[in-house]
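Engineer: give me a 3D structure for the following:
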Amino acid sequence: KKKTRSREALHSGSPPFSDADCSVYNTSEGIFGSLGGAAARSTTFPSGEIWIYSPDAGQRPAGPTPSQSRFQVDLVAEAAGATEDKSPNSDATPATPQDADPGTGGEEAKGRFRVVNFADPSGSGSAASPEAAPAEGLQNGDTVMSETSLHSSTGGQHHYHYDTHTNTYYLRTFGHNTIDAVPNIDFYRQTAAPLGEKLIRPTLSELHDELDKEPFEDGFANGDELTPAEEAAAKEAAESKGVVKFGWIKGVLVRCMLNIWGVMLFIRMSWIVGQAGIVLSCVIVAMATVVTTITGLSTSAIATNGFVRGGGAYYLISRSLGPEFGGSIGLIFAFANAVAVAMYVVGFAETVVELLGVDAIMTDQINDIRIVGTITVIVLLGISVAGMEWEAKAQIFLLVVLITAIVNFFIGTFIPSKSKESVGFFGYDGAIMWENMGPDFRGESFFSVFAIFFPAATGILAGANISGDLADPQLAIPRGTLLAILITGIVYLGVAISTGSCIVRDATGNVNDTLSAQFMNCTDAACKFGYDFSACKSEKGSCKYGLHNDFQVMSLVSGFGPIISAGIFSATLSSALASLVSAPKVFQALCKDNIYPGLGMFAKGYGKNNEPLRGYILTFGIALAFILIAELNTIAPIISNFFLASYALINFSVFHASLANSPGWRPSFIYYNMWVSLAGAILCCVVMFVINWWAALLTNVIVLGLYIYVSYKKPDVNWGSSTQALTYHQALTHTLHLSGVEDHIKNFRPQCLVMTGYPNSRPALLDLVHSFTKNVGLMICGHVRAGYRRPNFKDLATDQSRYQRWLLKNETKAFYTPVFSEDMRQGTQYLLQAAGLGRLKPNTLVLGFKNDWRDGDMMNVETYISMIHDAFDFQFGAVILRLKEGLDVCTFILPIYLNVFFSGGVVCVWCAVVHVYVHFADKRSPTVPLNVSDQRLLEASQQFQRKQGKGTVDVWWLFDDGGLTLLIPYLLTNKKRWKDCKIRVFIGGKINRIDHDRRAMATLLSKFRIDFSDITVLGDINTKPKKEHMVAFEEMIEPYRLKEDDMEQEAAERLKNSEPWRITDNELELYRAKTNRQIRLNELLKEHSSTANLIVMSLPLARKGAVSSALYMAWLEALSKDLPPILLVRGNHQSVLTFYS
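Structural biologist: This is a model prediction of the structure:
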């Protein structure tokens, strides 16, 4: 292996060796040393040698397959100053690269690896051509991204792999080249949109596995899987160019200010001051601002805890609390915004009709409002459909008008006019301010006035609702929302104080209502200015001016009245426009997640901004319908409550996420507190009832109804919500707490380790055990995967996930736990020791009866019986289920319904299709006719899935094992499927004490509070069994006898050591009575329980080391053959029943 090959030789011509060999190559000597098998290649550098392993490329199928490496290796030349060398001439053989160590020489390595994809991105070619020209700029040492289609992981979505070898940074940093990638933000992206491309780091398998081992299929880490909707969104976003994105001012601040500054500012704020006074008005504004500020802080925390996509409030809530809350709020939030469009447009139309006056009425006032409203909403729809850029320009224009109107009002307050004094405006004066400081409620209360004002403070989510159109939502939403709340709050307070300081509560508008000499005892603030408005108090409703009586006070006070009208138009139209944009955006996000089936058509977007045109049309339709009703006083409180429900859940989301203490909850916005957020959520709920109690109740009912619906439908999404985090936190806390509590008999539960293999391969065993453990005890489906070949632990993890999902889908409350081991017994020992957690550990081993024990290797019987002994050694109870037809349905389903896949000469068998056939066998006929025995097995495997008719569960409680033999049938008959079955108890006794034994057992059962229909005392258990049955038993065990009396002692010992399962003559004679008892019990079972739905019987024990496995197996066979389903049960002889309270 001389390091003699020069860089020029390295890059010249085609490689002088074929892929069929594994060769050691040396240019100077021209030597080939073929090692055979898969191709390997040695390439030398000036300072080191690199080995690359590659299977034969000619044997690979075309296109990317899960087993293929996603790397291929090209050699890249870095000739100093040679810019014309655009393409490397080295071979491009598919390979799994190994680290290259160029040594510690002073010169940087000249030849480097470029790691690109194994397969053509289009899937058309099997491997990259050696002559294929690389992407432009490959020679400059920059990072290269190569695209591939990971069909197995992302359904065809394109991601990018990180080309570590082209980047000389690795050589400079670590001193050698490596495919091990340094930290990069692009590895952590979920989709190709909208911030950058997703790269996929080298998998652990590619870095760690042996060179002769195929890399595993690539996949996403837990929680990174994309829903079809997210994939579609990613694809659309990746394809779109020139997308319009807004900054925090235009996108959030402007929208929130426009939405918060509603028409209430101009036509209701002065009335609120008249009712509540300056102090309480400021309190009302402060209370509303506190609620919105807390909600703004919570929104900021959620928005900065990861990248925010489109969907606004729905997206924030659903990704925090899960689809149940998110789906329910998303629907009513979108609907509330759609109806809010109608509210604002009707407000605008009413103002227009009022300004036009009586002379301009077209039909009548109501129809005029409808006509103006319809025209207005059509114009707004046109602006929205034109695109977000046009809509943003319109919002800027409206904001300018609105600010001008507000400034115009404040300027007007400093310009007192003699002509305005008769209507109550005298300019700033301490007496007026003092008079208006306290409340003067007329037909209202503090909370009713608060309820009228609070909707004016809503609208803080206007910016968040277009989160998908923001350039940086994490920065824009907190900054824009909180600043908008601050500015609008100050303006509201300013308007309240200024109106209360310069306008009196009541004025007649009559310039002649001046003070006369005889009324010098006038105490009102207006008296100071020579006016007497005392007539307003004596004659209710006679005055039309002042804070109490005139909603248009701000127009009178302002410097130029029409600008206030323009401000009212601006406030209503901007709010309507914001709602018209918000509703479709939120609804589109909801539909993309497919929470509600049937709404998918509204998920489609159009144009470069993915505009929800269908959502716009739907929103337009809803708004138009409510505009035509033109009576919105009833619907307005419901809309306010819908918004408040959203605020409450946003606050609760922050509290919930903080309480769950999930490592994933790391908002960069730190100015929040979980308890403040909880207080905000409670405040929102209180305000809902303050505004309108029946609307609050209706809102809660609607949210609850939608929550129940989404919970029932169980949408297939995984967003890593705080609900999941809190569930884990609570489970961990309770498990630890449970571990500190000693077990008590009253709380005993059968916690079963059921050796099912694949859970769907033995349906009867799974269904029966689930019947008595469901909602009562733990059930673990144990699966020992024993074999001679090297274990594939990734397959084990994949199977664990797959079958756990299968159990959940089939509503089986159990856990699937597979293990690798050398044999079945060792694997079972692993499970007996390690399965479970804390107190949630199994205490009962459940096995299926080995029906084929006489057909195979008897060492399997030795293993099977040893598993039962091991269970008792670990102080477990043991349960064995026998059906005469058998349990394992894979034995005949696999050849008929499954393809057998060959991978490298290893047969991979998966019995997952069984559950599909089992559940629908009565509706579909098999494609291949089943023989009679297979048909019976199939029917028997389903018998515990259906309701058991009227019948019996016969309990043969022959030996006291602590009560497990009695507890299991009691738990069974408590279940819906078994409730029509009665328990019959059979016990052993003496002929002369049958009545006494029956009464004693009846007393015991009544103390245990276990219902029974009959007790039978068997006085003839010890009667000798029939001769033909004894002969049949002798014939059954004949092949397994040692017959040591017929051979030499040494030969007998050798045979017994090599075949420990054999039955010795001494053993058979010693246990003759026990053998006869099993045969006799089978006769009694056939006599008394041949029609039972289920037999539960005490499992006979065999002393370990004294009874051979063949004899014990023969006892179980003789005891349980030709019977209905029989459950052989033996507890661990610790009491599991008690009659003490």
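
Engineer: model confidence for the residue nearest to residue 839 when sequence neighbours are not counted, exactly?
Structural biologist: Sequence neighbours aside, residue 738 is the residue nearest to residue 839 in space, at 4.5 Å (criterion: Cβ to Cβ, 6 or more residues apart in numbering). (C-beta placed from N, C-alpha, C; glycine too.) We have a pLDDT of 87 for residue 738.

Engineer: residue 1062: neighbour count?
Structural biologist: For residue 1062, the neighbour count with other Cβ atoms under 10 Å is 22.

Engineer: contacts only, for it.
Structural biologist: 1040, 1041, 1042, 1055, 1056, 1108, 1110 (Cβ atoms under 8 Å, 6 or more residues apart in numbering).

Engineer: dump those residues into JSON lines; add pLDDT, distance to residue 507 and secondary structure as well.
Structural biologist: Formatted as JSON lines, the contacts of residue 1062 follow (pLDDT from 0 to 100; distance: Cβ to Cβ, whole Å; DSSP: H, G, I helix; E, B strand; the rest coil):
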{"residue": "1040", "pLDDT": "87", "distance to residue 507": "115", "secondary structure": "helix"}
{"residue": "1041", "pLDDT": "87", "distance to residue 507": "120", "secondary structure": "strand"}
{"residue": "1042", "pLDDT": "85", "distance to residue 507": "120", "secondary structure": "coil"}
{"residue": "1055", "pLDDT": "86", "distance to residue 507": "121", "secondary structure": "helix"}
{"residue": "1056", "pLDDT": "83", "distance to residue 507": "118", "secondary structure": "helix"}
{"residue": "1108", "pLDDT": "90", "distance to residue 507": "112", "secondary structure": "coil"}
{"residue": "1110", "pLDDT": "90", "distance to residue 507": "112", "secondary structure": "helix"}
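
Engineer: and those residues, which is closest to residue 748?
Structural biologist: residue 1108 (33.7 Å; Cβ to Cβ).

Engineer: list the beta-bridge partners for the residue nearest to that closest one when sequence neighbours are not counted.
Structural biologist: Of all residues not flanking residue 1108 in the chain, residue 1063 sits nearest, at 5.1 Å (Cβ to Cβ, 6+ apart). For residue 1063, the beta-bridge partners are residue 1041 (DSSP bridges).

Engineer: which parts of the stretch 201-350 of the chain are helices?
Structural biologist: Applying DSSP state H, counting those that start in this stretch to the stretch 201-350 of the chain gives helices spanning 204-208, 228-239, 248, 254-260, 264-267, 269-303, 312-321, 323-356.

Engineer: going by mean pLDDT, which of these comes out lowest?
Structural biologist: helix 228-239 (a mean of 53).

Engineer: hang on, the earlier thing: same list, the contacts of residue 1062, but as TSV with distance to residue 369 please.
Structural biologist: Shown next, in TSV, are these (distance: Cβ to Cβ, whole Å):
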residue	distance to residue 369
1040	98
1041	103
1042	105
1055	105
1056	104
1108	97
1110	95
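
Engineer: among those residues, which one lies nearest to residue 940?
Structural biologist: Lowest distance from residue 940 to the contacts of residue 1062 (Cβ to Cβ) belongs to residue 1110, with 26.7 Å.

Engineer: right, I'll leave it there.
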